[in-house]
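>>> Make a model of this:
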Amino acid sequence: MRSTQTLRGLLAGALALTLFQFPRAAAGGSSPTYTIPPRNFTGCQTANAGDPGSCNPSYQGRGGTFACTDRGPEASYVKDREAKIKALTDLIDTLDAEIAALDADMALLQVRIDQAESPGSTTDLATLRDLQKRYSEDGKSRHSLNVKDFNAMRDRAFLLNERDKTEYNHHEGCHCQYFCDTGSYQCPGEPPPPPAPNKPRIGIGGGQCR
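This is a model prediction of the structure:
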C-alpha cells in the first residue's frame, strides 16, 4: 500500500517538469493584449501513462485574448481559479482526514487479527473472518480515497501553475509596473497603488526588489 506521502512526492516531481505556454502580447504597433485560458476547467487527464502526475487539462469552452486596458476578464479568471483552488484544498483536507481515520481503524483491526490468530487465542473463526473482512473493506475504501486525493492534488497543482503563469504573462505582456513597497502591480489605464506607510516608493518594470 503506497502512502499518501509517496503520492504527494511523485505528484510534486512530475508537475515540476510541466510548462504552460500561453500566447504573448502581439509585437509591433498594435495595442498590447493578454490571453487567458478557458474558464471551465474540468480536471486533469494523465498525459503520459508512465507518469501518473502528468496533466493533460480538460476544458469546456474557449479562452480569449483581450486588450490590456480591459482588466475585467483577467479579474474574473483569477477569482474563478481562486475559488476552484480553495474548493480543491477543502476536498483534499477532507480526504486526508478520512484516510487518517481509516489508517487508525485498520491499525486497530490488525492488532485484533494478530491476537485472534495467535496461539492460544479463544477468538472463534466467525469473529476472525469478520475482522479480516472489515480490514479488507477498509483497504478498498482507502485505495479509493487515495485515488481521489491524488487526482485532487494534481488538479490543484495544475491550477496553481496555470494561474501563476497566466498572471505573469499578463503583467509582462501588458508592461505592468510592480511596486516593491506594496507588492502590487499597476497595469495600463490604472492609477498607481497607494504607497505603503514608512516604506520607500520603488516601482520596477522587471527584475527583483532589493
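
>>> what pLDDT does the most centrally placed residue in the chain get?
Residue closest to the mean C-alpha point of the chain, counted by C-alpha atoms, centre = their mean, is Arg156 at 1.6 Å. pLDDT for Arg156: 96.

>>> quick check, it in a helix?
Yes: the assignment for Arg156 is a helix, going by DSSP: H, G, I helix; E, B strand; the rest coil.

>>> tell me the contacts of it?
Going by C-beta atoms under 8 Å, 6 or more residues apart in numbering, Arg156 touches Ile85, Leu88, Thr89, Ile92. Every residue, glycine included, has its C-beta placed from N, CA and C.

>>> for the residue lying farthest from the centre of the chain, helix, strand, or coil?
When distances to the mean C-alpha position of the chain are computed (C-alpha atoms, centre = their mean), the maximum falls on Gly120, with 51.7 Å. Reduced to three states with three-state DSSP, the structure at Gly120 is coil.

>>> got the phi/psi numbers for it?
Main-chain torsions, Gly120, degrees, to the nearest 10: phi 80, psi 0.

>>> how much space between Leu125 and Gly63?
Using C-beta to C-beta, to the nearest Å, Leu125 is found at 62 Å from Gly63.

>>> which one of these two has more residues nearby?
Neighbours were counted for Leu125 and for Gly63 using other C-beta atoms under 10 Å; Gly63 has more, 16 against 8.

>>> isn't the more buried one right next to Thr35, touching?
Yes: between Gly63 and Thr35 there is a contact under C-beta atoms under 8 Å: 6.3 Å.

>>> in what helix or strand does the residue lying closest to Leu128 once chain neighbours are set aside lie?
Take Leu128 and drop its neighbours on the chain: the residue closest to it by C-beta to C-beta, 6 or more residues apart in numbering is Ala116, 4.5 Å away. Element membership for Ala116 (DSSP states H and E) is helix 72-117.

>>> the strands in the protein, which residues?
33-36, 40-45, 56-60, 64-67, 177-179, 184-186, 203-204 (DSSP state E).

>>> residues in contact with the second one?
Contact with strand 40-45 is made by 55-61, 84, 151, 154-155, 158-159, 162, as judged by C-beta under 8 Å, 6+ apart.

>>> buried sites along it?
For strand 40-45, burial by neighbour count (16 or more other C-beta atoms under 10 Å) applies to Phe41, Cys44.

>>> Would you mind giving the domain segments of this protein?
As recorded under automatic domain parsing, the domains making up the chain are 20-175, 176-210.

>>> Mean neighbour count, those: which tops it?
Highest mean neighbour count of those: domain 20-175, a mean of 15 (counted as mean count of other C-beta atoms under 10 Å).

>>> quick one on the thing from earlier: tell me which of the strands of the chain sits nearest to Ala101.
Judged by C-beta to C-beta, the one of these that comes nearest to Ala101 is strand 40-45, at 25.7 Å.

>>> Render the CA-only coordinates of that closest one in PDB, please.
Only the C-alpha atoms of strand 40-45 are listed here, as PDB (Å, rounded to 0.1, in the frame of the first residue of the first chain):
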ATOM      1  CA  ASN A  40     -14.300  26.000 -17.300                       C
ATOM      2  CA  PHE A  41     -11.500  23.700 -16.200                       C
ATOM      3  CA  THR A  42     -12.900  20.100 -15.700                       C
ATOM      4  CA  GLY A  43      -9.900  18.300 -14.500                       C
ATOM      5  CA  CYS A  44      -6.600  16.700 -15.500                       C
ATOM      6  CA  GLN A  45      -6.200  13.600 -17.600                       C
END
